[in-house]
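**Q** Prediction below, plus the sequence it came from.
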Amino acid sequence: MRLFTATILLFPAIFWGQQTPYITQFFNIKQNINPALTGIGEKVSGFIALRQNWANTPINYLTNIVSLESPFSQQRIGLGVIAIQDNLPTERKIILRGNASYKINLLSGFMIFGLSAGYIHSRFDAQQLQIKDPSDPFLISIHNINYFSSSFGAAYKRDTYILGVCIKNLNRPSTNYNTLYGSNSPTNRIYAFYIEKKIILSQALTLLNYLQTAYSTKQDCYLSFIPYITYKNDISLGLAYRTNTTISIMGSMRLSRLAQNLDNLSICYAYEHGLGKLNNVTKNTHEIGIKIDFELSPKLKAIEKKPKEVSPLDF
């Protein structure tokens, strides 16, 4: 543990721009953090969210997210789909992604491997783009961009620990999109590593610590830390810090607190605040989401009976 912590602390740099989907953005969608986490829960899970990015700025925009995932074959296989729509002043982007995972039981826990493949369509308003080099033939002819994106993930779980790795943009397009997308360009491969540790504080309280670092081929990197506390698996609250970039507050509440027939529904909220110079540009971000969980049929139940684990990833 000390060696792992010391290693990721070697990356105290700035990863400019909006949060990537690996951390506070879409944190309630397990399969979007790592395809290996697709459908590893005990329920069919759906999530719908509306995210207002960089509120109260000229470049504010909305992101709509729809996600559905489920385990199959006695929870050995997980399948999921994600649809994301970004409505920026200069761009309209649609992302359709399918995820699949496979679990291998081990004596000391289990390994999970996952793959993600998606289609991205972006339509640009060339009149709104501020192009530094108007003579660039790629930028002059830009209108629509279509490309496929894939990623690979793996995770190891033992007791209250989860170790994971995710590699994004495995099949990189030949066209260089760095001018438009910066660090998040599809031509930049991203490597993300994380560790999750759950601590049972009492019968009612559970603390989950989530630590992650990511590195891109553009030599950008960041470190994020999220402590999350859950009360009776109904109410969760957490903080997120990303090195020199943003700080976030996230929470969720199961609606059974309001009515017994709403036990399968949860409402989630996240607030993100930029730090330092970034705050002068991005200001604040708000995200609100609704999550619904369906019980599995007897055929999809787990092979082995274990106490239900409490995790903010299972909102």
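**A** Looks like it arrived, so ask away. Numbers count the residues shown, from 1 in each chain.
**Q** Low-confidence bits of the stretch 51-200 of the chain, can you list those?
**A** Applying pLDDT under 70 to the stretch 51-200 of the chain picks out residues 125-143, 178-184.
**Q** Which parts of the chain are helices?
**A** Under the criterion DSSP state H, the chain contains helices at 2-8, 30-33, 137-140, 178-181, 279-282.
**Q** Please name every helix or strand in contact with the second one.
**A** Contact partners of helix 30-33 among helices and strands, from 3 or more C-beta pairs under 8 Å, 6 or more residues apart in numbering; DSSP states H and E: strand 61-72, strand 77-87. Every residue, glycine included, has its C-beta placed from N, CA and C.
**Q** so how far is that helix from its chain's centroid?
**A** 5 Å (C-alpha atoms, centre = their mean, to the nearest Å).
**Q** mind saving the C-alpha coords of that helix as PDB?
**A** Provided in PDB are the C-alpha atoms of helix 30-33 (Å, rounded to 0.1, in the frame of the first residue of the first chain):
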ATOM      1  CA  LYS A  30     -19.600   2.200 -12.900                       C
ATOM      2  CA  GLN A  31     -19.000   1.100 -16.500                       C
ATOM      3  CA  ASN A  32     -17.900   4.600 -17.500                       C
ATOM      4  CA  ILE A  33     -15.100   4.600 -14.900                       C
END
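**Q** Can you point out the buried residues in that helix?
**A** Across helix 30-33, burial judged by 16 or more other C-beta atoms under 10 Å covers 30, 31, 32, 33.
**Q** could you give the mean pLDDT of that helix?
**A** For helix 30-33, the per-residue pLDDT values average out at 82.
**Q** do the longest one as well
**A** Averaged over helix 2-8, pLDDT sits at 33.
**Q** So what's the residue count around the residue lying closest to residue 123 once chain neighbours are set aside?
**A** The spatially closest residue to residue 123, leaving aside those adjacent along the chain, is residue 92, at 4.7 Å (C-beta to C-beta, 6 or more residues apart in numbering). The number of residues packed near residue 92 is 16, by other C-beta atoms under 10 Å.
**Q** Residue 92 reaches residue 63, doesn't it?
**A** No. In this structure, residue 92 is not within contact of residue 63 by C-beta atoms under 8 Å, at 11.6 Å.
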